[in-house]
Each structure stands twice: as structure tokens, then as C-alpha cells.
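Colleague: what's the 3D shape of this:
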Amino acid sequence: LADATLRAAHGIAVEELPEGTARPRLAVVAMGKCGGFELNYVSDVDVIFVADSDDDLAAATTVATRLIHICGLVAWPVDAALRPEGSRGPLVRTLASHRAYYRRWARTWEFQALLKARPAAGDLALGQEWIDQLAPLVWRAAERPEAVEDVRAMRRKIIDHVPPKELEREIKRGPGGLRDIEFAVQLLQLVHGRGDESLREPGTIPALRALVDGGYVG
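Modeller: Numbers count the residues shown, from 1 in each chain. A predicted model of the protein is given here:
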């Protein structure tokens, strides 16, 4: 349903472009629970927008902005905050700009987030090219000496943002909650997925099954 809604909204947004505007090559990449096929009834739909070239950027940004608005009106919020530089960064970047950012600036948690990336709407071939170009960087992320501590620090930061009176009841972000499971699985994927491609699953449960089958966890 999320993919179908994103695709419909993309189609509407493209049709609304001013007459004479070239159709931009724009990929809508699903991230987070949407990327991992784990959406629930209160999930935002996390995405990253990728344009093919500088010539596509202006029209692609118009389409992406309108897509977010349409989905918010008819279905659910679309959140693009996982993009490079978060809400401070441009809504749409080119493939080359993404590649440069992840090579030079990306932090460990940003590679961790890419474990769930998959093309969902727009130019699916461009979305897959984006994933294929970033994949080698993802599987080298765990080689950084600070990688494990980075993941742990991000986990602590999430817990620190939970109001103390809600901590024991917070089944998503609290200790022993969904985030703990996700982070444990993703850290093992980053470390062992370098040499074991069977662990490169976007979903938490399939990834956990693969970790069990591979003997990495009991």
C-alpha cells in the first residue's frame, strides 16, 4: 500500500509540472520500516529522493515536495529526514552528490540506515543504481574503529529522548524495545555481512533468521 501510494503520488506530481518541463529522473527510495517491509499503523513512511543529474534537480525537487504533500493528505506522513544532512540538507540530491557525501561525511548510523534501503517509486532503475553504488561503502562501515561505539552512542541518544516516566512502557524506543532488537541485528549485519551476503536482508525478522542460520546468534 505504501509503495502504491508513493507511485500514485509521484505520477500526479509529475503530471502537475508546468507545460514544457522535462520529466525528471527521480528515484524514491524506501527507508526505515517501509524499506524493511515492517510498516505498522502509526509509522511514517521514510524515504530518500535521488535525482539523476543536475539538470533534473529543480523539477525533481518540485515533484518530491508535491509527493510528500499528496501522501500526507490521503494516507500517511512521508518523512525524508534520513537524507544526507537531515532536514538541513537539500530534499533531493543527485546520484553523484549522494556518492560524494557517503564517501566523505556519512556517519556509521547513516550506513546502518542504508541496510533497509530499497527502490519504491519513481525511477526504480535509478534507485537500484543508487543502492548498488553505495553498497560497497555500507559493507566497509564496520571497519571503522569507532563503528561499534557509534551505534551504541546513537542507541543511548534515542533512550535519552524518552521522557523518564515513559521509559519502562516505551515498547519502541525504551530498553529491551523494538529499537534494541533492530540495533542489535543491524550491528551484527554490518560486522558479518561484509563476508556473508545471506545477512543482507532489509527486514529485521528475515535478518535475524539469517543470523541464526549462520550461527552468529543462538
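Colleague: Ala117 contacts Ile131, doesn't it?
Modeller: Yes: assessed by Cβ atoms under 8 Å, Ala117 is found in contact with Ile131 at 5.5 Å. All C-beta atoms are positioned from the backbone trio N, CA, C, and that covers glycine.
Colleague: residues bridging contact with the two, i.e. touching both?
Modeller: Common contacts of Ala117 and Ile131, defined by Cβ atoms under 8 Å, 6 or more residues apart in numbering, comprise Val29.
Colleague: With neighbour numbers in mind, choose between those two.
Modeller: Ala117 (25 against 17; other Cβ atoms under 10 Å).
Colleague: For the more buried one, give its distance to His98.
Modeller: 11 Å (Cβ to Cβ, to the nearest Å).
Colleague: and what of Leu57?
Modeller: When Leu57 is compared with His98 (using Cβ to Cβ), they lie 12 Å apart.
Colleague: Spatially, what comes nearest to Ala75 if we skip its sequence neighbours?
Modeller: Thr5 (4.8 Å; Cβ to Cβ, 6 or more residues apart in numbering).
Colleague: residue contacts, the most centrally placed residue in the chain?
Modeller: Centroid check for the chain by Cα atoms, centre = their mean gives Met31 as the closest residue, at 2.7 Å. Shown in contact with Met31 (Cβ under 8 Å, 6+ apart): 46-48, 82, 113-114, 116-117.
Colleague: go again using 6 Å as the cut-off
Modeller: 46, 48, 82, 116-117 (Cβ atoms under 6 Å, 6 or more residues apart in numbering).
Colleague: Look up how far Val191 lies from it.
Modeller: Met31 is 21 Å from Val191, by Cβ to Cβ.
Colleague: I am finished for the moment; much appreciated.
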